[in-house]
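Enquirer: A predicted structure for the sequence below; I have some questions about it.
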Amino acid sequence: MDMKNESCRLADTATVAGIQGLIDSLPMYIILVDEDHCIVLANKATTETMHINAQDILGGYCPKVMHGLDRPFEGCPLEEAAAINRYIAKEIYDENTKKWIESSIYPTELKTAAGKRVYYHAVRDITEEKRSREAERVSEEKYRAIFDGAIEGIFQTLADGRILTVNPASAAMLGYATPDELINAVPDIREIYVDEKERDELARQIQESEVVIDYEMQMRRSGGDIMWASLSLHPIRDNAGDVMGLEGMAIDITSRKKAEIDLRASLSRLEESFAGLISALARTAETRDPYTAGHQRRVATLATAIAKEIGLPEQQIEGIKMAAIVHDIGKIYVPAEILNKPGRLSSTEFDLIKAHSRAGYDILKDIKFDQPIAAIVLQHHERLDGSGYPQGLTEKDIEVGAKILAVTDVVEAITSHRPYRPGLGIDAALDEITKNRGRLYDSDIVDACLNLFQTSGFEFEHNDEF
């Protein structure tokens, strides 16, 4: 077909200027073409982009001018629009330009001088849009693959609890065959939360946080069974900061929680057995020294109170209490006649008495305590100025628990009866630790002990049991 067709012009030439002005104002390619593919008009965007003069394009054969072809390509939108006499729009990849275009053809009432119908042809470069849409499609497919294939439950809900979407793992976790079955069966996800306090606390954290991590709570499955789940949630907020919905992840931790419960029960039984062993060791020492029966337990009561008074952690307090209960266990190696001797001890006899700290340490050192109980027993007769025994340690090297026992052991011993003297009373005991505050005994511990007796009304009981 000829490149130029001079008869390819509008019959109503009066309208040409108006149409030209209109299409020149549009940024996309606009051409008017007749049913034989002859170009009637082209706008400025077309001629400038193609670097061709308007006079060189008018009357040209559209497939040749636009695509470098001698005939219409397969699926040409103009051919289809002419065949059905209505609007056609297609996305086409142009091999010449390596671009995607959106080609739209609109039939008009205009005619050429040769009586051919004129079509309005708009062409828009959609290469970037196609790339963007393709990237979104690939991303969506990847997300969907992750979403559907994840072993963790993934979900989205509205603020009122309505479920928007859940993955198969969420449905299976809660005992449903499919996500749709779960969505249809649970109108409000909050209904499956078992504990109202847990639910309210979760709601509070959601309101106050940007993200909630590893919140553990009980949920009710479809058959009524209770499961434990760990939830990680991200609240979605509107411009005012109000929560519109939630997106999150749920992990079934039922097996782990059951194991934790079983472990706690096992540890509790072990602690009870261990406490019984410690008590038995304490009583063993007391049978050797009936005059000090109950001494260790009373020391432990006061030591525990002082440890709480100075704000030690609970685990450390328990360790100090346990050390106090057995702090004289080493006396089982001291001859009973020395322990019960009513008169003054010789230096040799006193050396045997002093050996009980080391003996107690040797008994306890191989037991795997989580607190330094053996060391506390070894050091409970040490003094801040280094005048104590058996190692002559000074303040910085003495365990806190041993410093507490140094005070409580002296206070209890002075107040209680001994074979060689009657009890001297609490005033004498408190006077002893006050006079030697900061020299022999730790100042904070002495102050705590004084406060317990003088302000808090602490008293020794002679039937203390552990």
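Expert: In hand now; what should we look at?

Enquirer: so where is the stretch 301-450 of the chain shaky, pLDDT-wise?
Expert: For the stretch 301-450 of the chain, the stretches with pLDDT under 70 are 336-337, 339-343, 417-421.

Enquirer: any chance you could map the helices in it?
Expert: Under the criterion DSSP state H, counting those that start in this stretch, the stretch 301-450 of the chain contains helices at 314-325, 336-339, 347-354, 356-364, 373-379, 400-415, 426-435, 443-454.

Enquirer: can you check the stretch 51-200 of the chain too?
Expert: Remark: helices assigned in the stretch 51-200 of the chain by DSSP H, counting those that start in this stretch are 54-57, 62-67, 77-84, 127-149, 168-173, 179-185, 196-208.

Enquirer: pull the CA atoms of the longest one into CSV?
Expert: To tie it back to what came earlier, the one meant is helix 127-149. The C-alpha atoms that make up helix 127-149 are tabulated as CSV, following Å, rounded to 0.1, in the frame of the first residue of the first chain:
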residue,chain,number,x,y,z
THR,A,127,6.0,0.1,30.1
GLU,A,128,6.6,1.3,33.7
GLU,A,129,3.1,0.5,34.8
LYS,A,130,3.5,-3.0,33.4
ARG,A,131,6.8,-3.5,35.1
SER,A,132,5.3,-2.2,38.4
ARG,A,133,2.3,-4.4,38.0
GLU,A,134,4.5,-7.4,37.2
ALA,A,135,6.7,-6.7,40.3
GLU,A,136,3.5,-6.5,42.4
ARG,A,137,2.2,-9.7,40.9
VAL,A,138,5.5,-11.5,41.6
SER,A,139,5.6,-10.0,45.1
GLU,A,140,2.0,-11.0,45.7
GLU,A,141,2.7,-14.6,44.5
LYS,A,142,5.7,-14.8,46.8
TYR,A,143,3.8,-13.4,49.7
ARG,A,144,0.9,-15.8,49.0
ALA,A,145,3.3,-18.7,48.9
ILE,A,146,4.9,-17.6,52.2
PHE,A,147,1.4,-16.9,53.7
ASP,A,148,-0.1,-20.2,52.6
GLY,A,149,3.0,-22.3,53.3
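
Enquirer: which residue packs closest to I236, ignoring adjacent ones?
Expert: Distances taken as CB to CB, 6 or more residues apart in numbering put G245 closest to I236, at 4.6 Å, once the chain neighbours are dropped. The C-beta positions use only the backbone N, C-alpha and C, and glycine is treated the same way.

Enquirer: Verify the stated contact: that neighbour with D160.
Expert: No - in this structure, G245 is not within contact of D160 by CB atoms under 8 Å, at 9.0 Å.

Enquirer: So which of the two has more stuff around it?
Expert: For G245 versus D160, the count of surrounding residues by other CB atoms under 10 Å is larger for G245: 17 against 11.

Enquirer: The more buried one belongs to a helix, doesn't it?
Expert: No - G245 is assigned strand when assessed by DSSP: H, G, I helix; E, B strand; the rest coil, not a helix.

Enquirer: Adjust the sequence numbering to begin at 38 for everything that follows.
Expert: Got it, first residue is 38 now, which makes that one G282.

Enquirer: so it bridges to which residues?
Expert: L195, I273 (DSSP bridges).

Enquirer: Over to the one 4 residues further on?
Expert: When assigned by DSSP bridges, M286 has beta-bridge partners I191, S269.

Enquirer: Next, count neighbours for it.
Expert: M286 sits with 19 neighbouring residues when counted by other CB under 10 Å.

Enquirer: which residues touch it?
Expert: Contacts for M286 (CB atoms under 8 Å, 6 or more residues apart in numbering) come out as 189-192, 268-269.

Enquirer: so what's it scoring on pLDDT?
Expert: Model confidence at M286, expressed as pLDDT, equals 91.

Enquirer: distance of it from E253?
Expert: 13 Å (CB to CB, to the nearest Å).

Enquirer: Would you mind saying which of the helices of the stretch 88-237 of the chain lies nearest P409?
Expert: Closest to P409 of those, according to CB to CB: helix 233-245, at 37.4 Å.

Enquirer: Show me what the closest one is in contact with.
Expert: For helix 233-245, the external contacting residues (CB under 8 Å, 6+ apart) are 227, 230, 249, 252, 254-255, 268, 270, 272, 280, 283.

Enquirer: Give me the buried entries from those residues.
Expert: For the contacts of helix 233-245, a neighbour count by 16 or more other CB atoms under 10 Å gives the buried set as 230, 249, 252, 254-255, 268, 270, 272, 283.

Enquirer: Quick one: residues contacting the residue nearest to V160 when sequence neighbours are not counted.
Expert: Nearest residue to V160 in three dimensions, chain neighbours excluded: Y66, at 3.8 Å (CB to CB, 6+ apart). Y66 is in contact with 79-80, 82-83, 86, 159-161, counting by CB under 8 Å, 6+ apart.

Enquirer: Ramachandran angles for Y66?
Expert: phi -70, psi 130 (degrees, to the nearest 10).

Enquirer: now do M256
Expert: M256 adopts backbone torsions of phi -130, psi 150, taken as degrees, to the nearest 10.

Enquirer: Spit out the contact partners of it.
Expert: Listed by CB under 8 Å, 6+ apart, the contact set of M256 reads 211, 229-231, 263-266.

Enquirer: redo that, cut-off 7 Å
Expert: Residues counted as contacts of M256 (CB atoms under 7 Å, 6 or more residues apart in numbering) are 211, 229-231, 264, 266.

Enquirer: what do you get for E346?
Expert: In this structure, E346 makes contact with 485, 488-489, judged by CB under 7 Å, 6+ apart.

Enquirer: Against A443, how distant is it?
Expert: 16 Å.

Enquirer: For the closest residue to A396 other than its chain neighbours, which residues are in contact?
Expert: Sequence neighbours aside, G367 is the residue nearest to A396 in space, at 3.2 Å (criterion: CB to CB, 6+ apart). Listed by CB under 7 Å, 6+ apart, the contact partners of G367 are 393-397, 400.

Enquirer: And the furthest pair within those residues?
Expert: Using CB to CB, the two most remote members of the contacts of G367 are S394 and I400, lying 11.1 Å apart.

Enquirer: More neighbours: the two, which one.
Expert: The neighbour count for S394 versus I400, taken as other CB under 10 Å, is higher for S394 (24 against 19).

Enquirer: what's near enough to touch that one?
Expert: S394 neighbours (CB under 7 Å, 6+ apart): 367, 414-415, 417-418, 426-427.

Enquirer: give the contact list for the spatially most central residue of the chain.
Expert: Residue closest to the average C-alpha location in the chain (CA atoms, centre = their mean): I250, at 2.8 Å. By CB under 7 Å, 6+ apart, the contact list for I250 reads S269.
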